[in-house]
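Trainee: below is the sequence, then the predicted model.
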Amino acid sequence: MLDQCRYNRRTMRARQFIPEVQRVLEERGEPTYRLGQAYAALTGSLVRDWEEATSLPQGLRRTLNLEAPAAVLDLRRTWRATDGTRKYLFYTHDGHAIETVMIPEKGRHTVCISTQVGCPMGCKFCATGLLGIKRNLNAREIAEQVFVAARDIAPERVSNVVVMGMGEPMLNYNETLGALKVLNDPDGFGLAARHIALSTSGLVDKIRRFADEPEQFHLAISLHTPFEDERRELMPVAARHTIPELMEAARYFVTRTRRKLFFEYTLLAGVNDQPRHVEALAELLDHPLYHLNLLRFNWTDTGFSATSKRDAREFLRYARELGLSATLRPSRGQDIDAACGQLAAKDLRGRPQGMAQPVAITLGE
């Protein structure tokens, strides 16, 4: 009975994730278990050509390559930063560019994935926000970014996935969640839910909905200032939801899930890095399950400057002194525009003098 339930669950997940493959199988009159084999080949064996899926008959592999290719994203280029971070440039079937980042650190490999082509949120300090929005990615396009990175670093394994790339994932809720469930699926990619985190600019209704999901995915909320007027200036989404409304949703999340909730905070020189900001944050984030993630601003052509390393450390020291659970995260991949806020899926240009140029590499597939 247990095996049958697992089989049914995998079949249902496969139907949702690869409906075009199911259509080909049905047209050919293939047995139903072939769908599970195809799903396992994509999500477990990480095939990008059906000829690699040796569990499938050769004739079926040929047909699938013609009618439902294994790879839905075209990997055009990969950059490697001096710190080992890699950035992948993909093109979708309709010619849109998206970017994905893999960050190696202390035995971990974290993949930062995109959920939209561009982003509609318009955060003033984010390169992606300058692009506007083209379209949502589907679940297959979202998950495949992880598959490519995992294949690239093999035999090492992806240890974490963060949905912090291009786009606002909560505006593409169903497809994003579908992709995360495949990544979490023990019959799929098999990554533990607590190793998957989604970041949002603060869509209150979707935060509550996310809290009600059965999977134990982590959540991060982009805050960037504790003051209403400043947040509206930095993040247009703040005009839709006030900070008190956002914090009500945050409280609902931790009450419902009993999981730690992360608040992302980009330090901008002279804008949100003063002692008064720390003091207001200490009042706002007064909950044992709240954690403040600080990050120095990564250069984008937006007119902002980074808080100095010394002042960032002082901000962190004061925050901890006032009782905040807080971390200052290192910036990774800056020399290839792969750091937080820098993804823009465009040629690397307009770079300040003295910044290193990227080294392009091609994946061996």
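Mentor: Great, that's in hand.
Trainee: center of this protein - which residue?
Mentor: Geometric centre of the chain, nearest residue: V163, 1.8 Å, by Cα atoms, centre = their mean.
Trainee: so it touches T176, yeah?
Mentor: Yes. With contacts counted by Cβ atoms under 8 Å, V163 reaches T176, the gap being 6.5 Å. For the C-beta atoms, the positions are set from N, CA and C on the backbone; glycine is no exception.
Trainee: now do the shared contacts for those two.
Mentor: Listed as contacting both V163 and T176 by Cβ atoms under 8 Å, 6 or more residues apart in numbering are T115, P169, L198.
Trainee: OK, contacts around the second one?
Mentor: Just to be clear, that refers to P169. If you count contacts by Cβ under 8 Å, 6+ apart, then P169 has T115, Q116, V163, T176, L198, S199, T200 around it.
Trainee: repeat that for 7 Å
Mentor: T115, V163, T176, L198, T200 (Cβ atoms under 7 Å, 6 or more residues apart in numbering).
Trainee: same deal with the last one?
Mentor: For L198, the contact set (Cβ under 7 Å, 6+ apart) comprises V163, P169, F217, L219.
Trainee: ok, now the first one?
Mentor: For T115, the residues meeting the contact criterion (Cβ under 7 Å, 6+ apart) are L137, I142, V163, G167, P169, N172, T176.
Trainee: closest to P244 among those?
Mentor: P244 has its nearest neighbour among the contacts of T115 in P169, at 23.4 Å by Cβ to Cβ.
Trainee: how close does the closest one sit to R251?
Mentor: To R251, P169 is 21 Å away according to Cβ to Cβ, to the nearest Å.
Trainee: can you check A81 too?
Mentor: Separation of A81 from R251 (Cβ to Cβ): 38 Å.
Trainee: report how many residues lie close to the nearest residue to E213 once chain neighbours are set aside.
Mentor: Nearest residue to E213 in three dimensions, chain neighbours excluded: L177, at 7.0 Å (Cβ to Cβ, 6 or more residues apart in numbering). As a burial measure, L177 scores 21 neighbours (other Cβ atoms under 10 Å).
Trainee: L177: which element?
Mentor: Using DSSP states H and E, L177 maps to helix 173-184.
Trainee: that helix: how far from the chain's middle?
Mentor: Taking Cα atoms, centre = their mean, to the nearest Å, the mean C-alpha location of helix 173-184 is offset from the chain mean by 11 Å.
Trainee: just the buried residues of it, please?
Mentor: Along helix 173-184, these residues count as buried under the neighbour rule (16 or more other Cβ atoms under 10 Å): Y173, E175, T176, L177, G178, A179, L180, K181, V182, L183, N184.
Trainee: now render these as a markdown table, adding distance to E264 and pLDDT.
Mentor: Putting these into a markdown table (distance: Cβ to Cβ, whole Å; pLDDT from 0 to 100) gives the following:
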| residue | distance to E264 | pLDDT |
| --- | --- | --- |
| Y173 | 19 | 98 |
| E175 | 22 | 98 |
| T176 | 17 | 98 |
| L177 | 20 | 98 |
| G178 | 24 | 97 |
| A179 | 21 | 98 |
| L180 | 18 | 98 |
| K181 | 24 | 97 |
| V182 | 25 | 97 |
| L183 | 21 | 98 |
| N184 | 22 | 97 |
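Trainee: let me have those in a markdown table, extended by distance to F297.
Mentor: Converted to a markdown table, those look like this (distance: Cβ to Cβ, whole Å):
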| residue | distance to F297 |
| --- | --- |
| Y173 | 28 |
| E175 | 30 |
| T176 | 26 |
| L177 | 30 |
| G178 | 33 |
| A179 | 29 |
| L180 | 28 |
| K181 | 34 |
| V182 | 34 |
| L183 | 30 |
| N184 | 32 |
